[in-house]
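Participant: with the sequence up front, the predicted model follows.
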Amino acid sequence: MNASDVIVVGGGINGMMSVFKLIQQGFRVTLVERGQCAQEASWAGGGILIPLYPWRYRDPIARLDALAAPQWLTLANLLAETTGIDPQYTAHGIMHVRVEDADRARDWSARHDDMLVSLASSRAFEQLGPWVTPSLEPAFWLPERGSIRTPRLGQALRQWLLDHPRVTLIEHFEVTSLLTVNGRVEGVTGPRGRHLAPHVVMAGGPWTRQLLERHVLLAITPVRGQMLLFRAEKALLPSVMLMNGFYLIPRRDHHILAGSTFEDAGFDRTTTREGYARIHAMACEMLPALEKVEVTHHWAGLRPGSPDSIPFVGAVQEVEGLYINAGHGGNGVVLSPATADLLCAHVSGTPFPVDPTPYIVPCSG
Ligand SMILES: Cc1cc2nc3c(=O)[nH]c(=O)nc-3n(C[C@H](O)[C@H](O)[C@H](O)COP(=O)(O)OP(=O)(O)OC[C@H]3O[C@@H](n4cnc5c(N)ncnc54)[C@H](O)[C@@H]3O)c2cc1C
């Protein structure tokens, strides 16, 4: 008899969120992670809880965002209360300034409940005033959105899973291949042994393509992103701020994260002087007070890039019982509750929370 109904491969945010949701459906789940959970992009990411420049994505991203957004407050509170690790969900609002494609943004907003408010006309303007000068227009304000502290979210989810009686969490177990019999998955195997279950979910972030290349061809590639941490000692910025594709994220301890680059560097996650210089210059242009603030950390992570950043969520036709939840690009934190809901519906056969078509895993033939 199998100890678990489902094996999830990959302990990033999307693997852990998949387990979290599968558990709510009554499944027994084994999570296998080759290192420690939430150490890759799911540690490195900024944690902004809206797809950046949402009007630049196709509608399937907006649909996942709409499913995920109402879940964040409850989810963060539940994790904080049950694990004692507060992921610091903060709805401090998001400013997009000097927006080059303002007309497109307004059109998009009109189709999405007027989500974007002109910053100058918003009630928050008085509070934000010092940060919003005419040179930052056109500028848009998303009042109800914000950010989460990604490493803490990862730690809290990991702890929640460790504490749950129906979860078996196995770290330092690298999966090297799937076990299949007559076109049906039976489990996973690696140098440290094997684990059996009738369903396997691959959530290996940018490594998912390599993990599955014997079974299906997936257009998932690593996209390196570098980040800086400014150790500000007092509040310098009231909300997330984006300009020219770069962003600043204030944390509750007043430190400010600045990001990010989008680089094709394969699986190399080293940092570069050029990356540092670009992020530093843009951060200081957005918020000149940062020129006097020390940078204490510089790191890089690998986004799981996919065409149009639309994740692959669903069953692999070629192998019965095999599923994927991967390829979230730069939106893998914000969309994670939604893609985990969709994945669960595929595994359990319950109604889909959104039309599953745009995310379907392609057939390799
Ligand atoms: C600099 C940067 C900034 C970002 N900012 C944001 C943001 O503001 N908002 C947002 O929503 N998203 C952001 N992202 C994107 C987000 O971080 C990623 O989309 C998300 O973390 C991907 O999660 P994942 O679980 O799919 O993959 P990962 O976090 O990469 O996790 C995959 C896991 O699978 C494991 N694994 C791989 N192969 C195997 C194997 N063979 N056996 C066992 N385990 C295996 C890995 O060790 C890893 O732990 C950012 C990313 C970066 C790099």
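Facilitator: Thanks, I have it. Numbering: from 1, shown residues only.
Participant: residue of the stretch 101-250 of the chain closest to the ligand, please.
Facilitator: In the stretch 101-250 of the chain, the residue that lies nearest the ligand is G205 (2.4 Å; CB to the nearest ligand atom). (C-beta placed from N, C-alpha, C; glycine too.)
Participant: that residue touches A326, doesn't it?
Facilitator: Yes. Using CB atoms under 8 Å, G205 is in contact with A326, at 6.3 Å.
Participant: the two: who's more crowded?
Facilitator: Taking other CB atoms under 10 Å, G205 and A326 do not tie; A326 has more neighbours (30 against 26).
Participant: residues contacting the more buried one?
Facilitator: G10, N14, M202, A203, G204, G205, T208, L218, I220, P304, P311, F312 (CB atoms under 8 Å, 6 or more residues apart in numbering).
Participant: same question for P250.
Facilitator: Counting by CB under 8 Å, 6+ apart, P250 has contacts H92, A235, L236, L237, P238, S239, V240, I256.
Participant: cutoff 7 Å now
Facilitator: Counting by CB atoms under 7 Å, 6 or more residues apart in numbering, P250 touches H92, L237, I256.
Participant: tell me the most packed of those, by neighbour count.
Facilitator: I256 (25 neighbours).
Participant: show me what that one is bridged to.
Facilitator: Beta-bridge partners recorded for I256 (DSSP bridges): F230, P250.
Participant: relative to I13, how far out is it?
Facilitator: Note on I256: its distance to I13, by CB to CB, to the nearest Å, is 22 Å.
Participant: setting the sequence-adjacent residues aside, check what's closest to D86.
Facilitator: Closest residue in space to D86, ignoring its immediate chain neighbours: A80 at 4.1 Å, by CB to CB, 6 or more residues apart in numbering.
Participant: inside strands: which ones of the contacts of A326?
Facilitator: Among the contacts of A326, the members found in strands (DSSP state E) are M202, P304, F312.
Participant: from what I can see the last one touches Y359, true?
Facilitator: Read it as F312. Yes. Contact criterion CB atoms under 7 Å: F312 and Y359 qualify, at 6.3 Å.
Participant: give me the low-pLDDT residue ranges for the stretch 251-365 of the chain?
Facilitator: Regions of the stretch 251-365 of the chain meeting the criterion pLDDT under 70 cover residues 365.
Participant: which residues in this structure form helices?
Facilitator: If DSSP state H is used as the criterion, the helices of the chain fall at 13-24, 41-44, 59-68, 72-83, 102-111, 125-128, 150-163, 208-212, 273-286, 336-348.
Participant: mind listing what I324 touches?
Facilitator: With CB under 7 Å, 6+ apart, I324 has these contacts: M202, T208, F312, V313, G314, V316, V361.
Participant: mind doing that once more with 6 Å?
Facilitator: By CB atoms under 6 Å, 6 or more residues apart in numbering, the residues touching I324 are M202, F312, V361.
Participant: what's near enough to touch the residue of the stretch 101-250 of the chain closest to the ligand?
Facilitator: Counting by CB under 6 Å, 6+ apart, G205 makes contact with G12, E40, A41, P304.
Participant: picking that back up, of the ones in strands among the contacts of A326, list those near the ligand.
Facilitator: P304 (CB under 6 Å from any ligand atom).
Participant: can you redo the ones in strands among the contacts of A326 as TSV with neighbour count?
Facilitator: Listed next are the ones in strands among the contacts of A326 as TSV, based on neighbours: other CB atoms under 10 Å:
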residue	neighbour count
M202	30
P304	30
F312	27
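Participant: tell me how many other residues crowd the residue lying closest to E318 once chain neighbours are set aside.
Facilitator: Spatial nearest neighbour of E318, chain neighbours left out: H215 (5.6 Å); criterion: CB to CB, 6+ apart. By the criterion of other CB under 10 Å, H215 has 18 neighbours.
Participant: now do H215, the pLDDT please.
Facilitator: Per-residue pLDDT puts H215 at 89.
Participant: wait, doesn't it sit right on V319?
Facilitator: Yes. If you go by CB atoms under 6 Å, H215 and V319 touch, sitting 5.4 Å apart.
Participant: run through the residues of the stretch 201-350 of the chain sitting next to the ligand.
Facilitator: Counting by CB under 6 Å from any ligand atom, the stretch 201-350 of the chain sits next to the ligand at 203-207, 211, 225, 227, 259-260, 301, 303-304, 326, 328, 330-334.
Participant: which residues touch the nearest residue to A105 once chain neighbours are set aside?
Facilitator: Distances taken as CB to CB, 6+ apart put W55 closest to A105, at 4.7 Å, once the chain neighbours are dropped. Listed by CB under 6 Å, 6+ apart, the contact partners of W55 are R104, A105, W108.
Participant: what's near enough to touch the residue nearest to G12 when sequence neighbours are not counted?
Facilitator: With sequence-adjacent residues excluded and distances taken as CB to CB, 6+ apart, G12 is closest to S42, at 3.9 Å. Residues near S42 by CB under 6 Å, 6+ apart: G12, I13, G154.
Participant: repeat the analysis, applying 8 Å as the threshold.
Facilitator: Neighbours of S42 in contact, by CB under 8 Å, 6+ apart: G12, I13, N14, M16, T150, G154, G205, G332, V333.
Participant: residues in contact with stretch 150-168?
Facilitator: For stretch 150-168, using CB under 8 Å, 6+ apart, the contacting residues are 3-4, 11-13, 16-17, 19-20, 23, 27-31, 37-39, 42-47, 76, 79-80, 82-88, 169, 333.
Participant: what about the residue lying closest to V293 once chain neighbours are set aside, neighbour count?
Facilitator: Of all residues not flanking V293 in the chain, F230 sits nearest, at 4.5 Å (CB to CB, 6+ apart). Burial of F230 is recorded as 25 neighbouring residues (other CB under 10 Å).
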